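1. Got a predicted model here, sequence first, then my questions.
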Protein chains: 2
Amino acid sequence: MRIAILAVGDELLLGDVVNANAAWLGRRLSDAGLQVVASAVVADDVAAIAAATRQLLSEADAVVVSGGLGPTSDDVTRDALAELAGVALVLDPVLERSVRQWFAGRGVSLTAGALRMAELPAGATALANAAGTAPGVRLEVGGGLVVAVPGVPVELRDMVERLVLPDLLARSGAPHAIVTRTVHVALLGESAVADRLTPLTEDIADAGVRLAYLAGLGAVQVRLTAQAPDRPGADAILGPLVQRVRDLVGDAVCGVDGETLDRAVHRLLATGQATVAVAESLTGGLLGSALTDMPGSSKTFRGGVTAYATELKAWLLGVDPDLIEQVGAVHRSVAGQMAAGVRARLSATYGVATTGVAGPEPQDGRPAGTVHVAVAGPAGVVVASPTLTGGRDRIRRLTVVHALDLLRRVLSRLATPGAEQVA
Amino acid sequence: MRIAILAVGDELLLGDVVNANAAWLGRRLSDAGLQVVASAVVADDVAAIAAATRQLLSEADAVVVSGGLGPTSDDVTRDALAELAGVALVLDPVLERSVRQWFAGRGVSLTAGALRMAELPAGATALANAAGTAPGVRLEVGGGLVVAVPGVPVELRDMVERLVLPDLLARSGAPHAIVTRTVHVALLGESAVADRLTPLTEDIADAGVRLAYLAGLGAVQVRLTAQAPDRPGADAILGPLVQRVRDLVGDAVCGVDGETLDRAVHRLLATGQATVAVAESLTGGLLGSALTDMPGSSKTFRGGVTAYATELKAWLLGVDPDLIEQVGAVHRSVAGQMAAGVRARLSATYGVATTGVAGPEPQDGRPAGTVHVAVAGPAGVVVASPTLTGGRDRIRRLTVVHALDLLRRVLSRLATPGAEQVA
């Protein structure tokens, strides 16, 4: 089944807002096995929306329109769909009651345009909005289907998951349960991951599963999407494939589904009733903020010291001043002493440290991208020394990934290629 | 002059990549006074690209196509433009030489598809790529203009600024210099900023200047764009208007053009030869990472202590344990003592502290969003206690904005509404 996406809004054409709805819809619909053949953006203009929808209906079996359903005068998607279908807009009594109730329930007086949201093109069906006020619109036009959903992302996503996707799938005759599993991989490039999965490619295709890679900074997501008549059926297809992906990719896999690298570290710490403290230099607090991003982090995160000025590495973390004098602040031994120092001073099970040159200028004669990360724990101190490339922001963020992954490997008792036991 | 934007790429339709190029082009072209009337996305498919370009040429005077100009077999924009114009692709000897030189210069052997980048539809002109390999294509088709640029953002932006925009403006007869000035506003809502600028609206319109608002988290950018025959002319139009925006918005303005809130703070510290140290709780390192984001931050940032576990607030920062016993860790007096403690222990001119409840769960009986930020300096300690709403991530990030803005106000000797001098 061929689907087109149409996003309505001057702010999208003018670039004041990035069209993230189209990306979300594209991924969700193609994961579900529907074919997204075109995507377009139009202004808040009745004739333009009607013309674009008509054009897209000539290329696709269904058009999903987002935006322009609110109460203000520039919300004209309803008018455009009525024009497209050659029908009038009519006030729907059920919708009118629910709009009035929504305002009354919040103690807000009905605004002038609010009742526009209770209007529908004659013959159209309303789609209930569980996350906001403006209902969606479903309309059959000359053998094609047009579904309009609100542009507010949380409302759009809810309505698509709950009402639009099942409708499109029923129409396409495709099976009903679509399940995506995600395997998170740290510090391995997309092409290296794809290489390791080569033996699996045929089985994945034979199982009717869609395989996609999503590359982030120091991370790759392997996404497997299966369709089946029901959820247990899809789970049964995916379970063994996810396990084989884990086996083939190996210990660069940090988790599955919600378990990204930072969450994997949090879970490993919590499982072992262990805590962590951080000693940061070039990352300036980014490592601590990654470890406190998730709810419940106060159970595993003690705190941290950012010793940006060199003398603070001695004052606050107990790094040997003579060592710094000899080798400078950017050195594997300094990273090791920072990790051990913060572990002892903050009474944590593990200490993690970062030192290096974020750039753009060299420091102590060392070029930008020179980085050392260290983990101190009950079994000693380990240091990894990656050489990173790119700008200041990229180097800082990649350093955080290297530090978290080193901690994950220590917690999981995995070897780290290139890392050195220093104490 | 009416312009349409066409982005080429399966990855955009599938939502694996968000269409940020369209947003950038939309903003750049409309800032330049051109009217962006439509935007679309098509698959990597010769017929689809040709059909979409033809369709957009019926709605606009010029189409800017992005993507599909690289060397691989799925880069088919050149083929599509040749099909659209009904001409053949021909190898351009000048382009061939430059492609060969590019590969030779990097010691890389010419890949199979590389010479595809030296082909042009007969009658088309090449646009030099100063930031990469693949040249752009300029083609007149039946009275309309088609310009194809690479999809790699840095190459696209360079080529548009240097070649495409001047070409479009010359064609539209519009003046040549387009200058945008940006006024950064902290902690004032978009509608409040717009209200304060009401007296200026007419003058802005009379000067032919475009006014746009871009709202971020705790920040609004007011963007003023002027056109004139030359750059000094545009500057002369904008200078007085920028000053009037500053006057009307008042001390919520933190800077102009590159001077965002964090950079304003960095400049104020550097100008006063002052340094800062941070004591963080709920922000877990985010405040420190904001203060070390820009190059040169080692001149103004000493370091920080993240005291996530309550007892560390006493151990590491010298907060009175009896005070914490009485009022808990989330209290204005605790914030004040954290700021004073980190200032003294890290020998900084200023100490900045955050404490509060990021959520989702309450802490010590206080709801998520309860936040205190403090600044300790030579003139004493000031605390602000905003009540924030939203999820955990939003509360943490808004806390950073409040802390930075309080520091900016202290450094600029401005009053902070609602803030209290505690010592």
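-> Ah, there it is.
2. how about the residues of the stretch 201-350 of chain A near chain B?
-> By Cβ under 8 Å from any Cβ of the partner chain, the residues of the stretch 201-350 of chain A that approach chain B are A:212, A:214, A:278, A:280, A:282-289, A:291-293, A:295, A:297-298, A:301-309, A:312, A:316, A:345-346. To be clear about C-beta, it is placed using only N, CA and C from the backbone, and glycine gets the same treatment.
3. Just the buried ones from those residues?
-> Buried by 16 or more other Cβ atoms under 10 Å in any protein chain shown: A:212, A:214, A:278, A:280, A:282-289, A:291-293, A:297-298, A:301-309, A:312, A:316, A:345-346, out of those.
4. For the stretch 101-250 of chain A, which segments count as helices?
-> A:153-159, A:165-172, A:190-196, A:201-206, A:231-249 (DSSP state H, counting those that start in this stretch).
5. Report the mean per-residue pLDDT for the first one.
-> Rounded to a whole number, the mean pLDDT of helix A:153-159 is 93.
6. do the same with stretch A:392-399
-> Per-residue scores along stretch A:392-399 average to 95.
7. again, but for stretch A:331-341
-> Mean predicted confidence for stretch A:331-341 is 97.
8. what residues are up against residue A:179?
-> A:225-226, A:228, A:231, A:234-235, A:238 (Cβ atoms under 8 Å, 6 or more residues apart in numbering or on different chains).
9. tell me what the strand or helix carrying residue A:37 is packed against?
-> Element membership for residue A:37, per DSSP states H and E: strand A:35-42. Counting contacts by 3 or more Cβ pairs under 8 Å, 6 or more residues apart in numbering or on different chains; DSSP states H and E, strand A:35-42 is packed against strand A:2-8, helix A:10-13, helix A:20-31, helix A:46-57, helix B:10-13, strand B:35-42, helix B:46-57.
10. tell me how far it is from the chain's mean position?
-> 22 Å (Cα atoms, centre = their mean, to the nearest Å).
11. the inter-axis angle of that strand versus helix A:20-31?
-> Relative orientation of strand A:35-42 versus helix A:20-31 (axes from the mean of the first three to the mean of the last three Cα atoms, to 10 degrees): 170 degrees.
12. beta partners for residue A:8?
-> Here residue A:8 sits in beta bridges with residue A:42, going by DSSP bridges.
13. neighbours around it, how many?
-> Residue A:8 has 28 neighbours, counted by other Cβ atoms under 10 Å in any protein chain shown.
14. rewinding a little: okay, the helices and strands packed on strand A:35-42 in TSV with mean pLDDT next?
-> Formatted as TSV, those follow (pLDDT from 0 to 100):
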stretch	mean pLDDT
strand A:2-8	97
helix A:10-13	90
helix A:20-31	93
helix A:46-57	96
helix B:10-13	90
strand B:35-42	95
helix B:46-57	96
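15. residues in contact with residue A:377?
-> So residue A:377 contacts A:343, A:349-351, A:410 (Cβ under 8 Å, 6+ apart).
16. whoops, residue A:128 was the one
-> A:135-136, A:159, A:163.
17. what do you get for residue A:388?
-> A:356, A:369, A:371, A:394-395, A:398-399.
18. For the residues you listed, work out which two are farthest apart.
-> A:356 and A:394 (12.6 Å; Cβ to Cβ).
19. Comparing those two, which residue is more hemmed in?
-> residue A:356 (28 against 16).
20. if we look at the sheet, which residues does the closest residue to residue A:214 other than its chain neighbours bridge to?
-> In space, residue A:214 comes closest to residue A:221 once its chain neighbours are excluded; the distance is 4.2 Å by Cβ to Cβ, 6 or more residues apart in numbering or on different chains. With DSSP bridges as the criterion, residue A:221 is bridged to residue A:184, residue A:214.
21. Next: the one 4 residues further on.
-> Assessed by DSSP bridges, residue A:225 has beta-bridge partners residue A:180, residue A:210.
22. distance of it from chain B?
-> Going from residue A:225 to chain B by Cβ to the nearest Cβ, to the nearest Å gives 11 Å.
23. just checking, that residue touches residue A:180?
-> Yes - counting by Cβ atoms under 8 Å, residue A:180 is a contact partner of residue A:225 at 4.5 Å.
24. what about the two, which has more around it?
-> Using other Cβ under 10 Å as the criterion, residue A:225 and residue A:180 rank with residue A:225 on top: 22 against 18.
25. Look up how far residue A:258 lies from the residue of chain A positioned farthest from its centre.
-> In chain A, residue A:322 marks the outermost C-alpha relative to the chain mean, sitting 44.9 Å out by Cα atoms, centre = their mean. Note on residue A:322: its distance to residue A:258, by Cβ to Cβ, to the nearest Å, is 46 Å.
26. immediately after the helix or strand residue A:375 falls within, which helix or strand?
-> Following DSSP H and E, one finds residue A:375 within strand A:371-377. As assigned by DSSP H and E, the chain's next helix or strand after strand A:371-377 is strand A:380-384.
27. tell me the angle that next one makes with strand A:371-377.
-> Taking the same axes, to 10 degrees, strand A:380-384 and strand A:371-377 form an angle of 160 degrees between their directions.
28. counting contacts, what elements does the next helix or strand after strand A:380-384 pack onto?
-> Using DSSP H and E, the helix or strand that follows strand A:380-384 towards the C-terminus is helix A:392-411. Applying 3+ Cβ pairs under 8 Å, 6+ apart, one finds that helix A:392-411 contacts strand A:177-186, helix A:261-271, helix A:286-291, strand A:350-356, strand A:371-377, strand A:380-384.
29. Fine, thanks again, bye for now.
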